[in-house]
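**Student:** build me a model:
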Amino acid sequence: MTPSERHREGVFARWGSECYARAHGDCSGRVQAAHWISKQGLRIKQSQIRLAIRGLQINRDVAIKESHRLMADMPLDGLVADPRNGVPLCSHHHDSFDRRNGQALDLKPPEEVREFAAEYGLEDWI
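**Tutor:** Below is the predicted model:
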């Protein structure tokens, strides 16, 4: 099973198959497991943290945040598969959430997303 398939399975197990943005109306299309912090965002942030840690390791007196160590050490597939970083969205709301259709959908992140972000030092990405 791919990381995206594990993510989808985990999101639907946690939330069911009802669109998280249904209160915003206009639900249409198939319900999908949407990443709150995109796969590309995870890849970029992990790379930035790994580079920063390499730079800091030269100076042994500088402390490295535990959340950043976790982010650097976690395989990208594990970050992508984590269902805490997702909610079910219909295709219309997913496109709006990702701003693919020119619309912007602002949602309040659920507690699970905030936990995921805090664990890996990604609070500024939600």
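**Student:** nearest residue to the middle of this protein?
**Tutor:** For the chain, Ile37 is the residue whose C-alpha lies nearest the centre (Cα atoms, centre = their mean; 3.0 Å).
**Student:** wasn't it part of a strand?
**Tutor:** No - counting by DSSP: H, G, I helix; E, B strand; the rest coil, Ile37 is not found in a strand; it is coil.
**Student:** for it, give me its contacts.
**Tutor:** Counting by Cβ atoms under 8 Å, 6 or more residues apart in numbering, Ile37 touches Lys45, Asn85, Val113, Phe116, Ala117, Leu122, Trp125, Ile126. Heads up, the C-betas are built off the backbone N, CA and C, glycines and all.
**Student:** would you say Ala33 is within a strand?
**Tutor:** Yes - applying three-state DSSP, one finds Ala33 inside a strand.
**Student:** right, and it touches Val11 too?
**Tutor:** Yes - between Ala33 and Val11 there is a contact under Cβ atoms under 8 Å: 3.8 Å.
**Student:** identify the residues contacting Ile53.
**Tutor:** Residues near Ile53 by Cβ under 8 Å, 6+ apart: Ile64, His68, Arg69, Ala72.
**Student:** related to what we said a few turns ago, most neighbours, which of the contacts of Ile37?
**Tutor:** Within those, most neighbours by other Cβ atoms under 10 Å means Asn85, with 30 neighbours.
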